[in-house]
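Visitor: no sequence on hand, only this structure:
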């Protein structure tokens, strides 16, 4: 009987950033082009997927400077979501997110950053 063959899957990662309250300017889109030459960049967001390689940007820094939402998915099971909410919302509304396991929050320029994502060296 022949030996079973091993099927290897290629790597797949999907990164999406969305700007909801503040559309990106032409200057900001040019700045983001330095992060990725292949990304689809519009006033409303930044989308890139990878079959080989990795994202060179820092999602924490990019959402702080440009975006309101971030999503990362990978074929090995990584699921990561970050949302930027106004400080008023987080002070006056109680959401299930504030009680969810596995989330972290931080204040940044008067906004609450809510982060459901992997722990690791980038968080230490």
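Guide: Structure's in. What do you need? No experiment lies behind these values; they were computed from the predicted model shown.
Visitor: lowest-scoring secondary structure element of this structure by mean pLDDT?
Guide: Lowest on mean pLDDT, DSSP states H and E among the helices and strands of the chain sits helix 87-92, with a mean of 53.
Visitor: give me the low-pLDDT residue ranges for this protein?
Guide: When residues are selected by pLDDT under 70, those of the chain lie in 1-9, 86-111, 119-124.
Visitor: strands of that one, start to end?
Guide: 13-18, 40-42, 45-50, 69-74, 79-86, 103-108, 111-116 (DSSP state E).
Visitor: distance to residue 25 for these - can I get that in a markdown table?
Guide: Every residue, glycine included, has its C-beta placed from N, CA and C. Converted to a markdown table, these look like this (distance: least, C-beta to C-beta, whole Å):
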| stretch | distance to residue 25 |
| --- | --- |
| strand 13-18 | 15 |
| strand 40-42 | 12 |
| strand 45-50 | 13 |
| strand 69-74 | 18 |
| strand 79-86 | 18 |
| strand 103-108 | 20 |
| strand 111-116 | 19 |
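Visitor: in CSV: those, plus mean neighbour count and distance to residue 28.
Guide: What follows is these, written out as CSV (neighbours: other C-beta atoms under 10 Å; distance: least, C-beta to C-beta, whole Å):
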stretch, mean neighbour count, distance to residue 28
strand 13-18, 19, 11
strand 40-42, 14, 9
strand 45-50, 18, 10
strand 69-74, 17, 16
strand 79-86, 17, 15
strand 103-108, 12, 17
strand 111-116, 19, 17
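Visitor: to residue 26, which of those strands lies closest?
Guide: strand 40-42 (10.4 Å; C-beta to C-beta).
Visitor: sheet-wise, list the partners of the closest one with their directions.
Guide: Its sheet considered, strand 40-42 pairs with strand 45-50 (antiparallel) by DSSP bridges.
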